[in-house]
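Asks: quick check, what structure comes out for this input:
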Amino acid sequence: MFTMMLPVMWQYVGFYFVILITGLNNISDELYEAARIDGATTMQKVRYISLPLLHNVICTCSILAVTGALKVFDLPWTMFPKGMPLKSTFLTGTYMYYHTMETKNVDYASALAVMIVLLGIVLSKAVNMIFREKDY
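Replies: Numbering: from 1, shown residues only. This is a model prediction of the structure:
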């Protein structure tokens with residue numbers, strides 16, 4: 001599983017990095033300057049300025065990562081024979097494709113596709129609930 005996860009993570013790390021850098025560039029330098037004048041350390045600036053102001057950006061990246069993980073297909077399919085290093089190891093996309101093309105069970109594969117979409121919606125809602133703004 002690690003052999004499949006590493007290239008997929010490497011493929012998308014640049015995309016999320018660009019999103020996070022854009023979010024960091026939108027934070028005013030005046031906030032960091034005021035924190036420096038007040039004597040804040042670098043870690044305090046990260047904890048009390050950067051992370052709270054990047055909350056929505058981190059939430060967006062998390063949702064994109066969770067839903068993207070459900071639709072990974074191309075790298076595992078090309079790296080391993082029929083997308084699986086072991087018969088018991090399938091990803092959602094490769095499992096659906098296997099049942100569509102190999103077993104010709106299109107009804108089951110269609111049901112899997114609907115379940116993948118529903119799972120994506122549920123996981124997106126769960127990430128939104130985890131990253132929900134808290135009122136203090």
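
Asks: got the contact list for stretch 63-82?
Replies: 3-4, 7-8, 11-12, 15-16, 83-84, 91-94, 97-98, 102, 116, 119-120, 123-124, 127-128 (CB atoms under 8 Å, 6 or more residues apart in numbering). In short, each C-beta sits where N, CA and C put it, glycine included.

Asks: buried among those residues? Make that a ChimeraX selection.
Replies: Selecting only the buried entries of the contacts of stretch 63-82 in ChimeraX, with 16 or more other CB atoms under 10 Å as the criterion:
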select :4,8,16,83,84,91,92,93,94,97,98,116,120,123,127
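
Asks: narrow the contacts of stretch 63-82 to those in helices?
Replies: Counting by DSSP state H, the part of the contacts of stretch 63-82 found in helices is 3-4, 7-8, 11-12, 15-16, 92-94, 97, 116, 119-120, 123-124, 127-128.

Asks: quick one: Q11 from M4, how far?
Replies: According to CB to CB, to the nearest Å, Q11 and M4 sit 11 Å apart.
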